[in-house]
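[1] The following comprises the amino acid sequence and a computationally predicted model.
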Amino acid sequence: SSKPLLVIRQALKDSQSKAHRHVTQLEDLLNQLREESLGRVRMEIDKLQKEKLPFIAKNLSSVGSCEKDLMVLHDMAGQMEDMEKEGLPLVQNALQALRKRQQDHIDTLKQEMQRIEKEVAAGLGAAVRNSLDRQARVLVP
């Protein structure tokens, strides 16, 4: 009766040691995978730091410079709007004054033309009267 027990005990010991060996092998494999994964992750991180970070930093600095340029343009646009607000009335006033001077000049020219026309008409009238008087004197001495 003890022989089958010994066989069973031996089989249990064998299966325990096999299981232990398997567990150890699995742990070794797991550690190896961890090391490989960590190595790959470290390589990827190094690659990112070497290749991508400078690119990202450069882009960030150019974005920063673009933001500065935009702010400058925005300020310039504001200044131009202010100048337009201040300058527009000045230009409008100058145009109005110019139009008034032009109109005054036109009115003066019109008055001068009318005066000259009156003088010419009066002169013609006098010349015609004088001529008629002379003719009348010739006809009626």
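    Thanks, I have it. On a predicted model such as this, the values are computed, not experimentally measured, just so you know. Numbering: from 1, shown residues only.
[2] Would you tell me which helix is longest in this structure?
    helix 53-139 (DSSP state H).
[3] next one: that one to chain centre, how far?
    35 Å (Cα atoms, centre = their mean, to the nearest Å).
[4] Residue nearest the middle of this structure, spatially speaking?
    Geometric centre of the chain, nearest residue: residue 70, 6.5 Å, by Cα atoms, centre = their mean.
[5] for that residue, what are its contacts?
    With contact set as Cβ atoms under 8 Å, 6 or more residues apart in numbering, residue 70 has no partners. Where you see a C-beta, it was placed from the backbone N, CA and C, and this is true even at glycine.
[6] Can you list the low-confidence ranges for this protein?
    1, 141 (pLDDT under 70).
[7] now do 90
    1-9, 19, 37-38, 41, 44-70, 72-74, 76-95, 105-106, 116-141 (pLDDT under 90).
[8] contacting residues around residue 108?
    Applying Cβ under 8 Å, 6+ apart, no residues qualify as near residue 108.
[9] what's the distance between it and residue 114?
    From residue 108 over to residue 114 the distance is 11 Å, taken as Cβ to Cβ, to the nearest Å.
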